[in-house]
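Asks: need the 3D shape of this:
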Amino acid sequence: MIDEKKKFQEVLNVGLEVVQTRDIDILLERILTKARHLTNADAGSIYIKEDNTLLFRYTQNDTLQKKLPPGKKLIYSTFKIPINNHSISGYVANTGKVLNIKDVYSLGNDVPFSFDPSYDKLSGYKTGSVLCFPLKTHTGEVVGVLQLINAKNPGDENVAFLTEDEPFIMHFANNAAIAIERAMMTRDIILRMIKMAELRDPMETGAHVNRVSSYAVELYEAWALARSIDRTQIEQDRDVLKMAAMLHDVGKVAITDLILKKPAKLDNNEYEVMKQHTYLGARLFSNQRSDFDKAAFLVTLNHHERWDGNGYPGHIDCISAEPLTGFYDPSGRAIGKRQEEIPLFGRIVAIADVFDALSSGRSYKEAWNEQRVLDTMDQERGKHFDPEMLDTFFSILDVIRNIMHQYPDMSE
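Replies: I've put the predicted structure just below:
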């Protein structure tokens, strides 16, 4: 356990770490991780307020995680619960009060809320103590709820959460709520850009970009952990990659509707025009003031490059669209980037984007079944895709499938 002085300093430190995170999904995961560390909680969940409901967004559970093979993640479903006094988290969101419960199975009849044991029965996990508190902004608005489960003592035994921990965690929660509010604004801005693109390209939907960006983040994390990359670096990269991958096709706003909305495959001339969306998108981020600008530039420009060098747009200056000196073929066309000439984020989003495109319906094709998609992608090993990255993708298919179910197309 962390002593009081160290805990206060820890709260300050993790508060600074949290407010520096920009993507809402990465932020929620980080908030839950830090809150569990501060209270030595075995498990926890985080909910975000949507109108009059709480959306279950993220969960962690050390006990269940340890039962999984190395490198595997917990798979869970999202759901909504009403904001009222009937459930623990609903009560906290409704009243703005903190609940510190020693044993959820011993709740008396004098409280309006109850504990739903269905998840415990399904998972084989036993919930005991719960510390549940609201995530409030500086105006007092509740934007979410954080629920911590089963505090651990130094002997790794389940105990009640300490009452003296509540002020620390509430201070942290207030900072977290402000960060959530800001990250949600950032996500809204990105989604507005996506909606602008969707007006031009019906396939460039919020569901599509959420899937592609989520696939990309999971693929990068699995690849980076296998290479023993520093965890701090991984967290920083995940944050910028998630947002950058959402904007991979933003350059399509500059492509004519006659091509974007054509209900058939493009002819050669039309395809050449469509290829322009890579460097047109990159131009939006050419004046790079942040690591996000750099990541978005790399993703938009490089996500259609191929491992074998037959992709596009190749070695070009994205402003002039002309080949770089020494990187053009006899016809004057830019030579495609090959293998590790393609930036890492470009190789990752290439896999995520193609998987989602093949798995989704288009105006000129039906969605393919999973086996056909995977067989096709495997045939592109060493041609379209980085072989090592593709192996990593196949190793996390359970997580990929779960993401697909979390972000279905509206027509499904």
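Asks: what about Asp230, how many neighbours?
Replies: Neighbour count for Asp230, taken as other CB atoms under 10 Å: 9. (C-beta placed from N, C-alpha, C; glycine too.)
Asks: tell me what the strand or helix carrying Met377 is packed against?
Replies: Using DSSP states H and E, Met377 falls within helix 370-379. When contacts are defined as 3 or more CB pairs under 8 Å, 6 or more residues apart in numbering; DSSP states H and E, helix 370-379 packs onto helix 344-359, helix 387-395.
Asks: which residues touch that helix?
Replies: Outside helix 370-379, the residues within contact range by CB atoms under 8 Å, 6 or more residues apart in numbering are Ile351, Val354, Phe355, Leu358, Ser359, Trp368, Phe385, Leu390, Phe393, Phe394, Leu397, Arg401.
Asks: that one - what's its average pLDDT?
Replies: Helix 370-379 shows a mean pLDDT of 96.
Asks: so for stretch 87-100, what gets flagged as buried?
Replies: Ser87, Ile88, Ser89, Gly90, Tyr91, Val92, Ala93, Asn94, Leu99, Asn100 (16 or more other CB atoms under 10 Å).
Asks: among those, which are in strands?
Replies: The strands, defined by DSSP state E, take in Leu99, Asn100 from the buried residues of stretch 87-100.
Asks: residue ranges with poor pLDDT in the stretch 201-350 of the chain?
Replies: 201-205 (pLDDT under 70).
Asks: could you pull out the helices in it for me?
Replies: 206-226, 231-246, 257-260, 268-274, 277-283, 291-302, 344-359 (DSSP state H, counting those that start in this stretch).
Asks: the last one versus helix 291-302: what angle between them?
Replies: Comparing the axes of helix 344-359 and helix 291-302 via axes from the mean of the first three to the mean of the last three CA atoms, to 10 degrees yields an angle of 60 degrees.
Asks: would you mind extracting the C-alpha trace of helix 344-359 into CSV?
Replies: Only the C-alpha atoms of helix 344-359 are listed here, as CSV (Å, rounded to 0.1, in the frame of the first residue of the first chain):
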residue,chain,number,x,y,z
LEU,A,344,5.1,1.9,-39.0
PHE,A,345,1.7,3.6,-38.6
GLY,A,346,1.1,3.3,-42.3
ARG,A,347,1.8,-0.5,-42.3
ILE,A,348,-0.6,-0.9,-39.3
VAL,A,349,-3.5,1.1,-40.7
ALA,A,350,-3.1,-0.7,-44.1
ILE,A,351,-4.0,-4.0,-42.4
ALA,A,352,-6.8,-2.5,-40.3
ASP,A,353,-8.3,-0.7,-43.3
VAL,A,354,-8.2,-3.6,-45.7
PHE,A,355,-9.7,-6.0,-43.1
ASP,A,356,-12.6,-3.7,-42.5
ALA,A,357,-13.2,-3.0,-46.2
LEU,A,358,-13.3,-6.7,-47.0
SER,A,359,-15.5,-7.4,-44.0
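Asks: what angle sits between that helix and helix 206-226?
Replies: Using the same axes, to 10 degrees: helix 344-359 against helix 206-226 is 130 degrees.
Asks: about what we covered before: out of the buried residues of stretch 87-100, which are inside helices?
Replies: Ile88, Ser89, Gly90, Tyr91, Val92, Ala93, Asn94 (DSSP state H).
Asks: what packs against the helix or strand harbouring Met193?
Replies: According to DSSP H and E, Met193 maps onto helix 166-200. Judged by 3+ CB pairs under 8 Å, 6+ apart, helix 166-200 is in contact with helix 4-19, helix 24-39, strand 130-136, strand 142-152, helix 206-226, helix 231-246.
Asks: tell me which of these lies nearest to Leu54.
Replies: strand 142-152 (6.0 Å; CB to CB).
Asks: which other helices and strands does the next helix or strand after the closest one contact?
Replies: Counting by DSSP H and E, the next helix or strand C-terminal to strand 142-152 is strand 158-159. Where contact means 3+ CB pairs under 8 Å, 6+ apart, strand 158-159 is packed against strand 142-152.
Asks: can I get the strand it packs on as PDB, trimmed to CA atoms?
Replies: The C-alpha coordinates for strand 142-152 follow below in PDB (Å, rounded to 0.1, in the frame of the first residue of the first chain):
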ATOM      1  CA  VAL A 142     -21.500  14.200 -13.900                       C
ATOM      2  CA  VAL A 143     -19.900  12.900 -17.100                       C
ATOM      3  CA  GLY A 144     -19.300   9.400 -16.000                       C
ATOM      4  CA  VAL A 145     -18.900   6.900 -13.100                       C
ATOM      5  CA  LEU A 146     -15.800   5.000 -12.000                       C
ATOM      6  CA  GLN A 147     -16.400   1.800 -10.100                       C
ATOM      7  CA  LEU A 148     -13.500   0.000  -8.300                       C
ATOM      8  CA  ILE A 149     -13.900  -3.600  -7.100                       C
ATOM      9  CA  ASN A 150     -12.200  -5.600  -4.400                       C
ATOM     10  CA  ALA A 151      -9.400  -3.700  -2.600                       C
ATOM     11  CA  LYS A 152      -6.400  -5.800  -1.900                       C
END
